[in-house]
Every structure is written in C-alpha cells, then in structure tokens.
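Asker: Here is my input, please return the structure:
(2 chains, ligands or ions: 2)
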Amino acid sequence: MENRGAEELRTYEEINRRIQSGDVVVMTATEFIEYVESYGLEKASKDVDVVTTGTFGAMCSSGAFLNFGHADPPIKMVRCWLNDVPAYAGIAAVDCYIGASCMSETRPFEYGGGHVIEDLVSGKEVELRAEGRVTDCYPRESLETTITLNDINQAMLVNPRNAYERYNAAINSSNRTLYTYLGVLLPNYGNIHYCGAGELSPLYKDMNFETIGIGTRIFLGGGIGYIIGEGTQHNPQNQLGTISVCGNLKQMSSEYLRGATFYRYSTTLYVGVGIPIPIINKRVAATAALKDSEIFTYIIDFGVPSRNRPIVKKVSYAELKSGKVEINNMEVRASPLSSFQYAAKIANTLKEWIEKGKFLLSRPVELIPNYREFKPLIIKKREFVVKDVMTREIVVGRLSDSIKDVARLLTERGIDHLPIVDDENRLIGIVTSWDLAKAIAQDKKDLESIMTKRVITAKENDLIDIVVKRMAEYKISGVPVVDEKNHVIGILTTDDISRKLVGRRLL
Amino acid sequence: MKLKLVYSHENVKKPILAKIVLKTNLLINIIEAKVTANMGEMIIDIPSEGEQLREVIDYLRSEGVTVKEVVRTIEIDHDRCIACGACVSSCPADAIKQNEDWSVRFIEENCIGCRICVYACPVRVIQALGD
Ligand code: SF4
Ligand code: SF4
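Answerer: Ligands and ions are numbered 1, 2, ... in the order given. Reported below is the predicted structural model:
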C-alpha cells in the first residue's frame, strides 16, 4: 500500500494538542459506526480525531517477567515456582517469566500462571519456592517465602501474542463432547463458540496497520501499556494479525487480568486490550467504520483431529452475535468466549482517559507489517503410520462360514480378530475370539448374530499414535485397516504395535 | 416437577414409564436419558403435583427405581462473572441466556442439572449446589 501510515487528515501532534486543550473528539468504534451511518464517512473522518477499541478474551500467549531481588545469602535460581506453578528461571539469578498457560503442579487445570498474575495484581500473597545452583558468588541452595507485587522490584507483563484481529469459531461434528481451547463443544453440531470483539476489535479497526506499530501506547490490563512489535503467528493477510505488548503490572488491575481455565485444555489469562485509532487518513476512517455485518470469520469443525480442520461455514460477527447460526438446515446456538461487555467497557474507559487528557497518543516508531508468510511446523523425524506396522496377509471370514469354521480358523492361525467381508472384500463386521466363546456358551449358530457390526477401523496413513488412542478409548485390541471404499487391506493389533514398533523405537 | 431416575440392571428393561403413562394419562417428558443394557439414568418432567405425583414416585420406587428430585442445581456469582458467554451455548438445555448487555441470566425451569456450565465457565464463577 502506497503511503501506508500517511497523516493526511491530521497528525499525531495535532491530536495531542487537541487532547491537551480538551477539545479532542473521541468516539468508541460502536459510536463511530453510528456516526458514519448518520453523516457519512466523509464528514465523520473530518469530525472525529480518535476511535477507541477494546477486546477482553483468553490470551494464552501472555505472561510476566518478575524480579525478586536478592536474598541473604543470595541464590542463583535455576528452578522456581509461584503457588506451585513452574516459572522459567533460566534468565539471570533472580528473574523469572511466569507464563499464563503453565499449570500448577499440584492443582493442574484449576490454577495456573494466569491465576498467579491475577493474584499478584489483586495484592494477594503468593508463595515463592526456588532451587539454585550453588556457586562461589551464590551460596544458597533453595528458598521458600511469600511475596506480593509490592515486595518485588520489576513486574512486567510481556505478552508475545495478544488481541487477534478475528478468530476462527468452532463447532463439533463428532459424536462426543470435546473440551477445547474454544470451550465445551457439544456433539453433533450442538453449539458454536467464537471469540474476538467483532466491530470493537482493535486490530480489525486498523486492518492495514497504518497506525499500529512499535511504540503505540495502549490500554493494557487496566493500565497503560505499549505495543512492542507484531505478535507471534501474525498473519495479517488473512485478518489474523496479532501484536506483542508489554506494560508495568504494578499499575494494572485484576478487573482486566483474569486467570481462567479451559476445562481439560489448560489455564490461561483473560487480558483487556484497547487501542486508540487516530483517524489520520480516509482509509483508516473506513476500516474503523467496519460493522459486525462486514467482519467475517470461519466456523471450523473440531470433530476432525488434524491441523487442516474443515471449514463448515463463513459467517459474519453479526450472524454469530445473533446467537443462532444456520448449519445444514439446523439452527445451532452460538455464544462468545470473549466478553463483549468488557470490550465495550475498555473502549469507553480509553475514550474517557483521552477526553480527560490523561492519555496521549504516540506515533509508532515502526509500523507492524501488513503481510507475513505463515509457516507450519514440518516434522522431520519419521512418524509411524498404520501401513508401516499392520499385517497385510490377513485371514477374513464370510457370513456363510459356520461358527465352527471360524473357531477353527482362529485357533489354527493363532489370531484373535477375524474381519468379516462381503463378496467384494468390503468390511461388514468383525468377530473376535471372545465373541466366539460367548457364541458357544449361548449356543448361537450363525455368524451374523455374534459379529460386531459397527467396527472401529483405521486407514493406512493414520498416525499410529492416534490409532492407539482410539483403541484404548474403545478398549479393543485390534482394528481392520480399510481403504477409501471400505475394502479390507490389513489388520493392526496391539501385538503388531508392541512387536514391531517398540522394537524399532528402541533401536 | 423434574425427577432424576436411576435404573438398575434388574429394572432397566421393564416398561415402567410406559405403565405410568397408561395408568395416569400424564404427558411425561423425557429430558435426558442415558440407558445401557445394565443401567439407566433419566431426567423426566412430570406435569403433576400433590397426591398424584406422590403416587407416581411411590410406584417408581416400588419397581426399584431410585428417584431424586432435581432441585436448583447451579448458582452464578454475578459479581465475578465477566459476561463472556462461554456457559450459554455449552448448556444443552438452554437454561442460561445472554441479555442485551451480554450479562447472563439463569432460567431455572430449563435446567436439568447436568453441570456442564460449571466446567464451561473459564473463570469458575458457576457453582454446583448440593447433589
Ligand atoms: S447445570 Fe446443565 S442444564 Fe443447568 S444450567 Fe448448567 S449446563 Fe444448563
Ligand atoms: S461462563 Fe462464567 S464468566 Fe462467562 S458468562 Fe457464564 S458465568 Fe459468566
């Protein structure tokens, strides 16, 4: 984009002078949208100096650097814990980084780094435990004490990835309830969860990154913070831009930093972020005026366990916020995970700060890129798939076989699982030696009445680890391997896995 | 009145509810059912009260079904709620709704006591009450 960041309508200095003299015009994004609808973009971009935004959602990639000061005798910490949550101590003698999604060793899924940060900010005492490496300059081996935010030197919230521009929404096509980082997903398309702040979303309101950059002063966790660069996984060309931010924890509030847990997934931190968007040119005014009905995201099926989860539908935030989305002719209930109420509170607070002259805007020293290649992680070590381990020479049965034939077959070949196929070698059931024992005890005569018809199967390119999990879940010891057309091409048993795989891994 | 019924492997195959319906003409609504070959759990809504309700409960008990009244099961601490909405669509019974300002309200009569919301709330401000 030519002249990205050009200050055509007003400069940062002009805005700050108006803030200081008290005649700056600030609107929240919601108010600005209404203003544009009433008076048009042309007039709105002339009348309004700053548009405020806000978001309050789970931002796992958050944490804080803490400096504890030196004990007597001093310690060089190599491992440390805050309320039993491990913090990274590989920095200097008494610095650590506590990450929001690191869980307590004694209360996992209940309490984690996010909760430690909330407890510190709300003034609570936190237990500090550390182990050190004894050196000539650091004689102490370990310590145990309690600290409060007041007791320690620096406490800097430094979040490598916050404020996603938009976020994918989630649905679950499988037949079991899933517990994910997008909340509880009920089976069979039972509900939709989504997050992001829609028309209040800070990064979406300046989606070309014309005003957002290193050094932008922002609302962070109830206090003042700064953008320190693009966030990790910044992917602006797909409206998945992110920022990294930092701020002094000592002036933040537990209202806008809340420790949280996604059940059976992890702990995290709800972070409040608000960015002022100076209306420096018409393009910025146009993006700041985008409405929920013009902001889109995708509903992704979490029932499929791979990185490339299928898209079920493209939806606008307006549709999501209505609470119901039509999927396959069904109305599915949708609810957010991030708080629109708090997002609005943040945009309003920031507006008030600016109007009262308490918050000046800063011109970024460098804009955040509006294009960034997005790389997946390539697994270079070979991972075993079903076809590496399965047995190809397999014995199958047919419905016309008698129970006696089948029993003989199993004992002669020393196998436990017999896939039953039709005339075209397509799988229709499976009989195990256990089924046979039952059949004989109950005096059953035909195969059809004893075989399992809903067979758990595997495909030849499935990862072994995933199939093993499936087998454990259904408590079975073997699965037929089928191709796309359900033809049986092999069998995989726990025996195959322990014999071939464990042996190879140990090599 | 909502009741939770627990069947054992001895009575799970008997048409107990059907008999009650035939005898009383009550339109019993099955809200949730988990039935396997050797046990079953069901939450039903019986549009009845007083003497007739007592009789139904007595009959269920005489058939060996464990009967528990489904009482108020959860409570939301609105002071600590962040109005996120994670509990809303997680609730299979539509018992938590979001207001215009995104705050949430609990609709007790819809609640079936499954407690999914207790786990769905990221800041743990929904409490399960009793058993
Ligand atoms: S207990 Fe179950 S039914 Fe009741 S409100 Fe919570 S999720 Fe809904
Ligand atoms: S999930 Fe918890 S915090 Fe979120 S709206 Fe429901 S009760 Fe409130």
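Asker: Next, the closest residue to A:R426 other than its chain neighbours: phi, psi?
Answerer: Closest residue to A:R426 apart from its sequence neighbours, by CB to CB, 6 or more residues apart in numbering or on different chains: A:N486 at 4.8 Å. Yep, even glycine has a C-beta here, placed from its N, CA and C like the rest. The phi and psi values for A:N486, taken as degrees, to the nearest 10, are phi 70, psi 20.
Asker: roughly how far apart are A:N486 and A:I428?
Answerer: 9 Å (CB to CB, to the nearest Å).
Asker: ok, now B:D79?
Answerer: 59 Å.
Asker: More neighbours: these two, which one.
Answerer: A count of neighbours by other CB atoms under 10 Å in any protein chain shown puts A:I428 above the other of B:D79 and A:I428, at 16 against 6.
Asker: In contact with that one, which residues?
Answerer: A:L399, A:I420, A:V421, A:D422, A:M451, A:K453 (CB atoms under 8 Å, 6 or more residues apart in numbering or on different chains).
Asker: ok, now with 10 Å
Answerer: A:R398, A:L399, A:P419, A:I420, A:V421, A:D422, A:E448, A:M451, A:K453, A:V455, A:N486, A:V488 (CB atoms under 10 Å, 6 or more residues apart in numbering or on different chains).
Asker: How about A:Y263?
Answerer: A:Y263 is in contact with A:109-110, A:179-180, A:183-184, B:86, B:90, B:116, B:118-122, B:124, counting by CB under 10 Å, 6+ apart.
Asker: now do A:D72
Answerer: So A:D72 contacts A:R140 (CB under 10 Å, 6+ apart).
Asker: pretty sure it is in a helix, no?
Answerer: No - counting by DSSP: H, G, I helix; E, B strand; the rest coil, one finds A:D72 to be coil, located in no helix.
Asker: so the residue nearest to A:R426 sits right up against A:G429, yeah?
Answerer: No - look at A:N486 against A:G429 with CB atoms under 10 Å: they stay out of range, at 11.8 Å.
Asker: Between these two, which is the more surrounded one?
Answerer: Neighbour totals were compared for A:N486 and A:G429, and A:G429 leads with 21 against 16 (other CB under 10 Å).
Asker: thought that one was touching A:V406?
Answerer: No - with contact defined as CB under 10 Å, A:G429 and A:V406 do not form a contacting pair (11.5 Å).
Asker: so what's in contact with these two at the same time?
Answerer: Shared contacts of A:G429 and A:V406, counting by CB under 10 Å, 6+ apart, come down to A:G397, A:L418, A:I420, A:D435, A:L447, A:I450, A:M451.
Asker: Now for the residue lying closest to B:I16 once chain neighbours are set aside, how many residues are close by?
Answerer: Among residues not flanking B:I16 along the chain, B:E63 sits closest, at 5.1 Å (CB to CB, 6+ apart). Counted with other CB under 10 Å, the neighbours of B:E63 add up to 15.
Asker: Check chain B and tell me which residue is nearest its centre.
Answerer: B:I112 (2.6 Å; CA atoms, centre = their mean).
Asker: and it, what does it touch?
Answerer: Neighbouring residues of B:I112 by CB under 10 Å, 6+ apart: B:2, B:4, B:31-32, B:43-45, B:70, B:73, B:91-93, B:95.
Asker: Tell me the pLDDT of residue 53.
Answerer: This is for chain A. Note for A:T53: predicted pLDDT of 98.
Asker: not quite, I wanted chain B
Answerer: B:L53 carries a pLDDT value of 86.
Asker: and it, what does it touch?
Answerer: Contact analysis of B:L53 by CB under 10 Å, 6+ apart lists B:M1, B:L3, B:T24, B:L26, B:I46, B:P47.
Asker: could you measure whichever residue of the stretch 1-150 of chain A sits closest to chain B against A:L249, distance?
Answerer: When you check the stretch 1-150 of chain A against chain B by CB to the nearest CB, the closest residue turns out to be A:A58, at 6.4 Å. Going from A:A58 to A:L249 by CB to CB gives 18 Å.
Asker: likewise B:C81?
Answerer: To A:L249, B:C81 is 24 Å away according to CB to CB.
Asker: Neighbour count: these two, which is higher?
Answerer: Per other CB under 10 Å, whichever of B:C81 and A:L249 has more neighbours is A:L249, with 24 against 17.
Asker: Not including adjacent chain positions, what is the nearest residue to that one?
Answerer: Ranked by CB to CB, 6+ apart and with sequence neighbours excluded, the top spatial neighbour of A:L249 is A:A155, at 3.9 Å.
Asker: hmm, back to that, so among the contacts of A:I428, which ones count as buried?
Answerer: With burial judged by 16 or more other CB atoms under 10 Å in any protein chain shown, the buried subset of the contacts of A:I428 is A:P419, A:I420, A:V421, A:M451, A:V455, A:N486, A:V488.
Asker: ok, the third one touching A:P480?
Answerer: Spelled out, that is A:V421. Yes - using CB under 10 Å, A:V421 is in contact with A:P480, at 9.1 Å.
Asker: For the residue lying closest to A:E355 once chain neighbours are set aside, name its beta-bridge partners.
Answerer: Spatial nearest neighbour of A:E355, excluding adjacent residues (CB to CB, 6+ apart): A:V26 at 5.6 Å. In this entry, A:V26 is beta-bridged to A:V50, by DSSP bridges.
Asker: Count the neighbours of A:V26 for me.
Answerer: For A:V26, the count of nearby residues is 23 (other CB under 10 Å).
Asker: By residue count, what's the longest helix in chain B?
Answerer: As assigned by DSSP state H, the longest helix anywhere in chain B is helix B:50-62.
Asker: counting contacts, what elements does whichever helix or strand comes after it pack onto?
Answerer: Using DSSP states H and E, the helix or strand that directly follows helix B:50-62 along the chain is strand B:66-69. Applying 3 or more CB pairs under 10 Å, 6 or more residues apart in numbering or on different chains; DSSP states H and E, one finds that strand B:66-69 contacts strand B:2-7, strand B:40-45, helix B:50-62.
Asker: Report the rounded mean pLDDT for the helix or strand just after strand B:66-69.
Answerer: Later in the chain than strand B:66-69, the nearest helix or strand by DSSP H and E is strand B:74-76. Here strand B:74-76 scores 94 as its mean pLDDT.
Asker: and A:T135, what does it touch?
Answerer: Contacts of A:T135 were listed using CB under 10 Å, 6+ apart, and they are A:P74, A:I75, A:K76, A:A93.
Asker: Likewise for A:R10?
Answerer: A:R18, A:S45, A:K46, A:V48, A:D49, A:V50, A:P278, A:I279, A:I280, A:N281.
Asker: part of a helix, is A:E37?
Answerer: Yes - counting by three-state DSSP, A:E37 is part of a helix.
Asker: What count of nearby residues applies to it?
Answerer: Using other CB under 10 Å, A:E37 has 12 other residues around it.
Asker: now do the one 4 residues further on
Answerer: Burial measure for A:L41: 15 neighbouring residues, criterion other CB under 10 Å.
Asker: so it, which of the three states?
Answerer: Quick answer, by three-state DSSP: A:L41 is helix.
Asker: residues in contact with the closest residue to A:G198 other than its chain neighbours?
Answerer: What sits nearest to A:G198 in space, not counting adjacent residues and going by CB to CB, 6+ apart, is A:Y317, at 3.5 Å. The contact partners of A:Y317, by CB under 10 Å, 6+ apart, come to A:166, A:169, A:194, A:196-201, A:204, A:290-297, A:336, A:340.
Asker: Distance-wise, check A:Y317 relative to A:P336.
Answerer: 10 Å.
Asker: quick one: common contacting residues for the two?
Answerer: A:A169, A:Y194, A:G196, A:A197, A:G198.
Asker: In CSV: those residues, plus distance to A:N159 and pLDDT.
Answerer: Formatted as CSV, the shared contacts of A:Y317 and A:P336 follow (distance: CB to CB, whole Å; pLDDT from 0 to 100):
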residue, distance to A:N159, pLDDT
A:A169, 23, 97
A:Y194, 21, 98
A:G196, 16, 93
A:A197, 16, 95
A:G198, 21, 96
